[in-house]
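**Student:** What follows is a predicted structure for the sequence shown.
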Amino acid sequence: PRNNKSAFVNFIKRLNLLDKYPQKLQLMDALLIRRELLKSSSIPNDLQIFPYLVLQKVMMFDDYRMLYTTATSMKIADFKMHPLDILLALLHCCDNILRQNLLSRLLTCQLAIPFLLPHPDNKTVTFLLWAMRSIICKWKCKIGSAITSNECCIVDHQGPIISFVRVGTA
């Protein structure tokens with residue numbers, strides 16, 4: 001049986017992010033524009049450049065969805081990957097400030113944001129509360145003939161609680 005920790009560390013190594021793990025990738029690193037990434041508008045053939053391209057696309061509000069659809073079928077050196085795995089690897093490598101920035105940009109692009117970040121070393125899960133504290137929810141309600149606008153911070157919003165329970169063994 002393969003250890004989850006070693007599988008995740010191997011994945012981080014293949015993405016050339018081991019020196020950034022855990023939480024060593026800062027906002028300044030993400031804001032640096034790499035010339036080799038700007039020259040190429042296509043998907044790179046090097047797996048080690050791909051996480052930085054994903055990070056750059058999200059930081060520039062570029063069309064991340066195009067990158068996602070192209071990368072779902074991408075296979076580099078007999079290594080098939082999913083773009084969400086790269087995004088989760090990046091979130092594990094980001095410090096809290098960069099996580100906050102990435103989540104707000106993903107939400108601005110109207111993409112789903114992860115509330116929970118599973119930890120690869122053990123079975124714990126991190127709730128990204130600090131990273132979501134700058135996200136403001138806005139909505140309109142129609143009560144009778146009056147339309148009211150509401151807004152609140154996503155961490156202060158009182159919403160329904162949904163839980164999942166596994167019965168039996170897997």
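**Tutor:** Arrived safely. Residues are numbered from 1 along each chain as shown.

**Student:** And stretch 17-31, what's buried?
**Tutor:** Within stretch 17-31, the residues scored as buried using 16 or more other Cβ atoms under 10 Å are Leu17, Lys20, Tyr21, Leu25, Leu27, Ala30. In short, each C-beta sits where N, CA and C put it, glycine included.

**Student:** Restricted to helices, list these.
**Tutor:** Secondary structure from DSSP state H places Leu27, Ala30 of those in helices.

**Student:** Now pLDDT and distance to Ala112 too, for the buried residues of stretch 17-31, in CSV please.
**Tutor:** As requested, the buried residues of stretch 17-31 are exported to CSV (pLDDT from 0 to 100; distance: Cβ to Cβ, whole Å):
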residue, pLDDT, distance to Ala112
Leu17, 89, 22
Lys20, 89, 24
Tyr21, 89, 23
Leu25, 89, 21
Leu27, 87, 22
Ala30, 80, 20
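
**Student:** Pick out whichever of the buried residues of stretch 17-31 sits closest to Val167.
**Tutor:** Tyr21 (34.9 Å; Cβ to Cβ).

**Student:** Could you check the pLDDT of Met128?
**Tutor:** For the record, residue 128 is Leu, not Met. Listed pLDDT for Leu128 reads 90.

**Student:** what do you get for Lys39?
**Tutor:** For Lys39, the predicted pLDDT is 58.

**Student:** what about the helices in this protein?
**Tutor:** Applying DSSP H to the chain gives helices spanning 4-14, 27-31, 35-39, 50-59, 64-71, 83-93, 96-108.

**Student:** so which of these comes closest to Glu151?
**Tutor:** helix 96-108 (13.8 Å).

**Student:** what's the most centrally placed residue in the chain in contact with, if anything?
**Tutor:** The centre of the chain sits closest to Leu87, judged by Cα atoms, centre = their mean, with a distance of 4.1 Å. Shown in contact with Leu87 (Cβ atoms under 8 Å, 6 or more residues apart in numbering): Val54.

**Student:** The same query, at a cut-off of 10 Å, please.
**Tutor:** Pro51, Val54, Leu55, Val58, Tyr64, Tyr68, Leu102, Leu106, Leu111, Pro114 (Cβ atoms under 10 Å, 6 or more residues apart in numbering).

**Student:** Tell me the confidence at it?
**Tutor:** At Leu87, the pLDDT recorded in the model is 85.
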